[in-house]
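K.L.:
Prediction below, plus the sequence it came from.
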Amino acid sequence: MKDVTQDNVRDFLLTRYSEPIKGMRVNLAELPDDFDLFLAGVIDSLGILEMISAIEHEFQIKLDLGLLDAEDITRIGPLARYTAENAKR
Amino acid sequence: MLWPSKIFDAEKRNKNATEKNDNMSAERLLPGLKNRILLLLTRIAPGATTLRVCLNRWRGVNIGKDVWIGYDAIIETSCPHFVTIRDGAAIGMRVTIIAHNREQQGVMIEEDATLGAGVIVLPGVTIGRGAIVTAGSVVTKSVPPKTVVQGNPAQAIATVEIPFGREVSIKELAKGLRPIRKPAADRRPASPED
């Protein structure tokens, strides 16, 4: 079972969405912390639901998004940070 | 081309059939023409919350307050009075609502329900309060309140905490979505042997 750290969650998201991000000719290594997967067109509205479910499944956690700012739900850095701090097993 | 007398005969027959079938299947000629012209206008007119809504009310669709109707939506052809759209509901672009067939009649879109673009709704269906139908889905059975459905036939995929009102952002909506877990066997991708 993977540790729920900010880096692990970020790596998981970058791996999961590497193809569409590369398709935008953006270097994964230089992706800014506030890169927004939704606004960039990497995921759609239902993709947000699938992404949260995928994180929960990958790390075997339950994620309560109640305290997360809605704007941050699709930003890689803030989401990874929130997940690492609020994950419940 | 039909002669006028034939047209009126046909209209008389239609009227009798209408009475017999309790306004179910037959459509009288002149009201039908008026209905179809209004339907064409509703499809192309501007004004998702104003003119399109007003024209559909004139056709006979039962529409509440603050309803949003997208471009080119077809809300039942011959029996618009079989459709009820309650307050705050949103009907996306190119939605098709079919409200009658031989045995079934009526479609109810409840308060704050949202139908995405290109959705098809079949007769006898109720879309529950605050429910969301994703774009391109075909709704063959009623949708419970606060449920997201997707696909053909539309299946429940998530529950939603807040209705998708026009002041709610997609991110705020997504934050309140919770997936509906299916049994593991249901999630197995179909293999070519299936």
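P.N.:
Ah, there it is.

K.L.:
Walking through chain A, point out its helices one by one.
P.N.:
Listed in chain order, the helices of chain A (DSSP state H) span residues A:6-16, A:18-23, A:45-59, A:76-86.

K.L.:
got a list of what residue B:158 touches?
P.N.:
For residue B:158, the contact set (CB atoms under 8 Å, 6 or more residues apart in numbering or on different chains) comprises A:49, B:147-148, B:177-180. Yep, even glycine has a C-beta here, placed from its N, CA and C like the rest.

K.L.:
Output the residues you listed as a markdown table; include the columns neighbour count, secondary structure and pLDDT.
P.N.:
Converted to a markdown table, the contacts of residue B:158 look like this (neighbours: other CB atoms under 10 Å in any protein chain shown; DSSP: H, G, I helix; E, B strand; the rest coil; pLDDT from 0 to 100):
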| residue | neighbour count | secondary structure | pLDDT |
| --- | --- | --- | --- |
| A:49 | 21 | helix | 90 |
| B:147 | 21 | strand | 96 |
| B:148 | 27 | strand | 96 |
| B:177 | 22 | strand | 89 |
| B:178 | 14 | strand | 87 |
| B:179 | 15 | strand | 87 |
| B:180 | 13 | coil | 87 |
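
K.L.:
Nearest to residue A:2 among these?
P.N.:
Closest approach between those and residue A:2, by CB to CB: residue B:179, at 20.4 Å.

K.L.:
Chain A versus that closest one, what's the distance?
P.N.:
As judged by CB to the nearest CB, to the nearest Å, residue B:179 and chain A stand 5 Å apart.

K.L.:
Verify the stated contact: that residue with residue A:46.
P.N.:
No. Residue B:179 sits out of contact with residue A:46 when judged by CB atoms under 8 Å, with a separation of 10.1 Å.

K.L.:
can you count the residues close to residue A:23?
P.N.:
11 (other CB atoms under 10 Å in any protein chain shown).

K.L.:
same question, residue B:111
P.N.:
18.

K.L.:
contacting residues for it?
P.N.:
Here residue B:111 is in contact with B:64, B:86-89, B:129-130, B:163 (CB under 8 Å, 6+ apart).

K.L.:
Report the buried residues of the top strand by length along chain B.
P.N.:
With residue count as the measure and DSSP state E as the assignment, chain B has strand B:155-160 as its longest strand. Within strand B:155-160, the residues that qualify as buried are B:156-160, counting by 16 or more other CB atoms under 10 Å in any protein chain shown.

K.L.:
Secondary structure element for the residue of chain B found nearest chain A, which one?
P.N.:
In chain B, no residue comes nearer to chain A than residue B:174, which is 3.7 Å away by CB to the nearest CB. In this structure, residue B:174 sits in helix B:170-175 according to DSSP states H and E.

K.L.:
what's that helix in contact with?
P.N.:
Outside helix B:170-175, the residues that touch it by CB under 8 Å, 6+ apart are A:38, A:45, A:48-49, A:65, A:68, A:70-71, A:73-74, B:160, B:162, B:164.

K.L.:
By neighbour count, which of those wins?
P.N.:
Neighbour counts for the contacts of helix B:170-175 were taken using other CB under 10 Å; the highest belongs to residue A:74, with 25 neighbours.

K.L.:
Filter the contacts of residue B:111 down to the buried ones, ChimeraX style.
P.N.:
The ChimeraX command for the buried members of those (criterion: 16+ other CB under 10 Å) is given here:
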select /B:86,88,89,129,130,163
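
K.L.:
So the residue of chain A most remote from its centre versus residue A:40, what's the distance?
P.N.:
No residue in chain A has its C-alpha farther from the mean C-alpha position than residue A:25, which lies at 19.3 Å (CA atoms, centre = their mean). Summarising the geometry, the distance separating residue A:25 from residue A:40, computed by CB to CB, to the nearest Å, is 12 Å.

K.L.:
Please apply the same query to residue B:97.
P.N.:
Residue B:97 sits 35 Å away from residue A:40, going by CB to CB.
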